[in-house]
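**Q** Kindly return the folded structure for what I paste below:
(chains A, B and C)
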Amino acid sequence: MSAVASPFLPFPVHSLLRKLRGPRMQRSLFGFWTLLVFAFLYIPILLLVVFSFNESRLNIRWEGFSLKWYGELFSNRTLLNAFYNSLIVASFTTVLATLLGTIGAWMLYRYRFPWQQAIGLLIFVPMVIPEVLMGASLLAQFVHLMHLPLGYTTLIIAHTTFCFPFVLVGVQARLQGIDPALEEAAMDLGAPPVKAFWLVIVPYLMPAIISGALMSFTLSFDEYIVSVFTSGATSQTLPLKVYGMARVGLNPQLNALSAIFVLATIFIVLGSQLLTRKQKP
Amino acid sequence: MTGHSGTFRRKPGLLAWLVFAPLAIWLLLFVILPTGMLVALSFAEQRGLGTIHFTWTLDNYVRAFQWTWLKVLSVSVWYAFLTTIICMVLGYPVAYYIGRSGPRTREILLALVMIPFWTSFLIRTYAWITILSKEGLLNTVLMSMNIVSEPLTLMYTPFASVLGLVYNFLPFMILPIYSSVERLDGAMIEAAHDLGAGPVRAFSQVIIPLTSPGIAAGALLVFIPSIAMFAITNLMGGGSQPTIGQVIYNQFTAGRNQPFGAALGTLLLMIFILALYLTKRYRKE
Amino acid sequence: MKMKATLIAAAATTLMLVGCGKPAVTTEETPTSESTASPDAAAPETSEPKRLSVFSWSEYIPQSVIDDFATETGIKVSVENYASNEEMLAKLMAGGGAYDIIQPSEYVVEALVKEDALHPIDHAAIPNLKYIGPDFLNMAFDPGNKFSVPFMAGTVGIIVNTDLVKDEIRGYTDVFQEKFKGRIVVLDDAREIVSWAFETLDIPINEFTPENLEKAKPLLQKWLPLVRVYDSDSPKTSLINGDVALGVVWGGEGAKLLEENEKFKWVIPAEGSHLFVDSLAIPKTAKHPKNAELFMNYILRPEVSKRISDEFPYTNPNLAARKLLTPEQLSNPASFPSEEEMKSLQLFKDIGDQASQVDELVTTIKAQ
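**A** Residues are numbered from 1 along each chain as shown, chains lettered A, B, ... in the order given. As a prediction, this is how the structure comes out:
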């Protein structure tokens, strides 16, 4: 078609058609799709932010603008403490899970350990196992076998256990496509394996590591069932406080809290990107 | 575990063992031992308020093979499968777009994918209820624009259940695929297009296979956890369709039969291990 | 690396917004301006260390009540929550924590007493027990109130959205009709649901024998496919949203709906219903039983009990507190059933191992 049309038309149809079918058009299409998906992700969030300004206590009908929930939120020590606990637990969990997952994936890839296959399966157990079973068995483990008091430590251990497989699977996938030349290059530098790992492999794995960290944080922050079993009185996390709230109607203070957290995080992410000048190679 | 890696796998030296030790110890203490206790529990009986008697009985397993539980399990697996497929379709283009973006945009978009899920699960779900219910946002908009004359029944349906599942698991598909897309070489892609392959073929025959580890990872990270997920299906679907996660949870609460719950869980684990083993063998052939 | 820094920075900033410095680790220590000093409750000192560990239903004891108790007695209170009796039992039995106060429902108290898992209470330390109405004292699950004091009671009943349902609804049979298919909400509680079937079939509501379950099965097979939503946590949501038109829910939920909108109507089922009583009790493993008794006495103060009623319009067993309620609160039929209705209500007993079969029956029917 294009070969016939081009001699008679003033503009290069062939390359125009190629442009339409080429990677740039693809990119716009994908971009549009991405926009739609982001809309899907954010519409409920927008709604809950709007409802944080709702006069009514029930999250169902709009009844007028009010800032009172924000005011009440700042004097709600229990909710804020729970939020603080969730942040602490999620942060520690993220660090631990990312470490365990990344190093684990690398070790399994690089070396032949005995029982390799079994370990590969075991990694998935925390993911497969229903949360109530994980919670109950870990509780028994902590209380009866290890005699650990329930608190931050047990929470973090429990959360890390079901988060690190997510990191590991992600890093493994990234390792599957690794260029063997990359590793050779590291070895050739004469550097000891640890340095080679740090300077060559880790930068390569970074997208998977970051993905894993993001997933871990999210999983831990919102975890309810496992937390029920493994938390102590002083380490009540946000989901634990929130789940019972449904009975009396979710307090819009929760909306206010979420709105602040979401907006603060977006602000920080955008801000830190705008401020950085150095680009990653 | 295929291809290149085989040529480089070495026997671990002392340093390697030392580095691997924390993972090994973690697995032992917090995966192997608790799972062992769980399996042991499945052979016990619960009496009274919650005292467990280790009678080493097979009753729980015999009971598990009844139609009710198998049906419940198959429904859960089906929902998980649907969720995974939909997440793949919705999520791949997003992951591709982010992966091919500039480094700054990438990081922003990646964070933006995750940030909605740092709100509390319950208020997110209640927001969806507000959107989808008979007198909710969507219906109000549709009715006022005269697209429909009667409000649509969207809440408390299988549709709502799957929507809730997809919503909550989408990031877990996007992120691993992004990881694979990010390492694609721009030159490779241009080349594929230049060779005259249409965009569809360039995609399906070059790009998708190259990103298949990411797709597989995403599928695993969505499919596996969503089988036992029940909070979402309960809240959005109304709870009229029992799921295996709900059933097992019940055994620890109203059902007062923890060993039975443990047996169901162990069976789930066995099925998974079998499936994984079969997949590996199929791959090798 | 940048992303992690970003995350940590985000957390740090939010923390600064949220309240500078390290918040109190134990959750409740804040003094509030309000204080409910009362003539007959000069909090005596106990010899125990000033701590109290409360394990209660989420949101059932208002935070302000706990804070005021802490201020008045100087006792540091830590609160853990659960969302169901069985969750509480699971953690208690697993030896999870040493709790001083738990909040079990009546059949759980019965089971705990049977297993000798409760610490006997000293009535001399809880003089405010006198305010509880005789209807709620000395009940079958804890004769003589040796181990528990009533906290709040309530029933299960039918709520109808009269805008959507014009028929008269008198009982379960009226609710579970074909014409209401897909518009009904019920509690997500197998035992409850089967007990309604039992009441309709005139089977004693605590006898969950295999024969009785078989008898109830056909009726349940007729009922359950008509249900759209199973929800024990917040059945009012689907009712307010118009997704369902009527349902069988807790009294407290019903009361809230009645307060919300006049279109809702409350009916105690003609076939019969049951009364639930949530109590405060002290586990045997409690470390501070004397402080726990102080707490119980505090909750029983009329003004304190009134505050609880304000937040949770259930049936308040504290007669002195009832005198402090408004006429609207007292006339809410879902909060305070009539004399006649009270007489017709039965109590749940502990059904032990039968619970598993009940759960299986309902799950099987749901799965079809």
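**Q** For the longest helix that chain B contains, buried residues please.
**A** Looking across chain B with DSSP state H, the single longest helix is helix B:67-99. Buried residues in helix B:67-99, counted by 16 or more other Cβ atoms under 10 Å in any protein chain shown: B:68-69, B:71-73, B:75-77, B:79-80, B:82-84, B:86-88, B:90-99. Every C-beta, even on glycine, is put in place using the N, C-alpha and C of the backbone.
**Q** and it, how far out from the chain's middle?
**A** Averaging C-alpha positions (Cα atoms, centre = their mean, to the nearest Å) puts helix B:67-99 7 Å from its chain's average.
**Q** what's in contact with the next helix-or-strand element following it?
**A** Next in sequence after helix B:67-99, counting helices and strands by DSSP states H and E, comes helix B:103-114. Here helix B:103-114 makes contact (Cβ atoms under 8 Å, 6 or more residues apart in numbering or on different chains) with A:34, A:38, A:41, A:210-211, A:214-215, A:217-218, A:265-266, A:269-270, A:273, A:276, A:279-280, B:94, B:97-99, B:101, B:170-171, B:174-175, B:178, B:182, C:2-3, C:6.
**Q** domains for chain A, by residue range?
**A** Following automatic domain parsing, chain A resolves into domains at A:2-51, A:76-275.
**Q** Sketch out the low-pLDDT regions of the stretch 1-150 of chain A for me.
**A** Across the stretch 1-150 of chain A, the stretches falling below the confidence threshold (pLDDT under 70) are A:1-23, A:59-60.
**Q** residue ranges of the strands in it, please?
**A** Along the stretch 1-150 of chain A, no segments are classed as strands by DSSP state E, counting those that start in this stretch.
**Q** and the residue nearest the centre of chain B, what element?
**A** Averaging the C-alpha coordinates of chain B gives a centre point, and the residue nearest to it by Cα atoms, centre = their mean is residue B:222 (2.4 Å). Residue B:222 is part of helix B:212-227, with elements assigned from DSSP H and E.
**Q** Report all helices and strands that the helix or strand following that helix contacts.
**A** Helices and strands here follow DSSP H and E; after helix B:212-227, the next one along the chain is helix B:231-237. On a contact count with 3 or more Cβ pairs under 8 Å, 6 or more residues apart in numbering or on different chains; DSSP states H and E, helix B:231-237 meets helix B:121-132, helix B:158-182.
**Q** pull the CA atoms of whichever helix or strand comes after helix B:231-237 into CSV?
**A** Toward the C-terminal end, the helix or strand that comes next after helix B:231-237 (DSSP H and E) is helix B:244-252. C-alpha atoms of helix B:244-252 as CSV (Å, rounded to 0.1, in the frame of the first residue of the first chain):
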residue,chain,number,x,y,z
ILE,B,244,-10.5,-22.2,51.2
GLY,B,245,-8.9,-19.4,53.2
GLN,B,246,-12.2,-18.6,54.9
VAL,B,247,-12.8,-22.3,55.6
ILE,B,248,-9.4,-22.7,57.2
TYR,B,249,-9.8,-19.5,59.2
ASN,B,250,-13.1,-20.8,60.4
GLN,B,251,-11.5,-23.9,61.8
PHE,B,252,-9.4,-21.7,64.1
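**Q** gap between the next helix or strand after helix B:244-252 and the chain center?
**A** Under the assignment DSSP H and E, the closest C-terminal helix or strand after helix B:244-252 is helix B:258-284. Using Cα atoms, centre = their mean, the distance from the centre of helix B:258-284 to the centre of the chain it belongs to is 15 Å.
**Q** Please apply the same query to stretch C:116-125.
**A** Taking the mean C-alpha point of stretch C:116-125 and that of its whole chain, the gap between them comes to 21 Å (Cα atoms, centre = their mean).
**Q** Surely residue C:203 is in a helix?
**A** No - assigned with DSSP: H, G, I helix; E, B strand; the rest coil, residue C:203 falls outside any helix and is coil.
**Q** Could you check how far the residue lying closest to it once chain neighbours are set aside is from chain A?
**A** For residue C:203, the nearest residue in space outside its immediate sequence neighbours is residue C:212; the separation is 5.1 Å by Cβ to Cβ, 6 or more residues apart in numbering or on different chains. Using Cβ to the nearest Cβ, to the nearest Å, one gets 29 Å for the distance from residue C:212 to chain A.
**Q** would you say residue C:212 is within a strand?
**A** No - assessed by three-state DSSP, residue C:212 does not belong to a strand; its assignment is helix.
**Q** quick revisit: tell me which of the domains of chain A is the most buried.
**A** With neighbours taken as mean count of other Cβ atoms under 10 Å in any protein chain shown, the domains of chain A reach their highest mean count in domain A:76-275, at a mean of 21.
**Q** Off-centre distance for that one?
**A** Between the centre of domain A:76-275 and the centre of its host chain there is 8 Å, according to Cα atoms, centre = their mean.
**Q** Nearest to chain C among the domains of chain A would be which one?
**A** When those are ranked by proximity to chain C, the top entry is domain A:76-275, at 1.6 Å, counting by Cβ to the nearest Cβ.
**Q** Kindly check the end-to-end length of the closest one for me.
**A** Counting by Cα to Cα, to the nearest Å, the length from the leading to the trailing residue of domain A:76-275 is 34 Å.
**Q** one step back: packing partners of the helix holding residue B:222?
**A** Identification of packing neighbours for helix B:212-227 by 3+ Cβ pairs under 8 Å, 6+ apart yields helix A:125-128, helix A:152-176, helix B:67-99, helix B:158-182.
**Q** Pipe those into a markdown table and attach distance to chain C per row.
**A** Formatted as a markdown table, the helices and strands packed on helix B:212-227 follow (distance: least, Cβ to the nearest Cβ, whole Å):
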| stretch | distance to chain C |
| --- | --- |
| helix A:125-128 | 19 |
| helix A:152-176 | 10 |
| helix B:67-99 | 4 |
| helix B:158-182 | 10 |
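**Q** Same list (these) but as JSON lines, adding distance to residue B:228.
**A** As requested, the helices and strands packed on helix B:212-227 are exported to JSON lines (distance: least, Cβ to Cβ, whole Å):
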{"stretch": "helix A:125-128", "distance to residue B:228": "8"}
{"stretch": "helix A:152-176", "distance to residue B:228": "11"}
{"stretch": "helix B:67-99", "distance to residue B:228": "7"}
{"stretch": "helix B:158-182", "distance to residue B:228": "12"}
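**Q** Residue A:193: which of the ones you listed is closest?
**A** Each of the helices and strands packed on helix B:212-227 was checked against residue A:193 via Cβ to Cβ, and the shortest separation belongs to helix A:152-176, namely 15.5 Å.
**Q** List, out of the buried residues of helix B:67-99, those positioned next to chain A.
**A** Residues of those in contact with chain A (Cβ under 8 Å from any Cβ of the partner chain): B:90-91, B:93-94, B:96-98.
**Q** residues touching residue 168, list them.
**A** All of this refers to chain A. Neighbours of residue A:168 in contact, by Cβ under 8 Å, 6+ apart: A:100-102, A:104-105, A:123, A:212.
**Q** could you do chain C instead?
**A** residue C:174.
**Q** Kindly state the pLDDT recorded for residue 222?
**A** Unless you meant another one, I'm taking chain A. Note on residue A:222: pLDDT of 92.
**Q** switch to chain C, that's the one I care about
**A** For residue C:222, the model assigns a pLDDT of 95.
**Q** which residues touch the residue nearest to it when sequence neighbours are not counted?
**A** With Cβ to Cβ, 6+ apart as the criterion, residue C:222 has its nearest non-adjacent residue at 6.9 Å, and that residue is residue C:176. Residues counted as contacts of residue C:176 (Cβ under 8 Å, 6+ apart) are C:184, C:222-223, C:226.
**Q** No further queries at this time; thank you.
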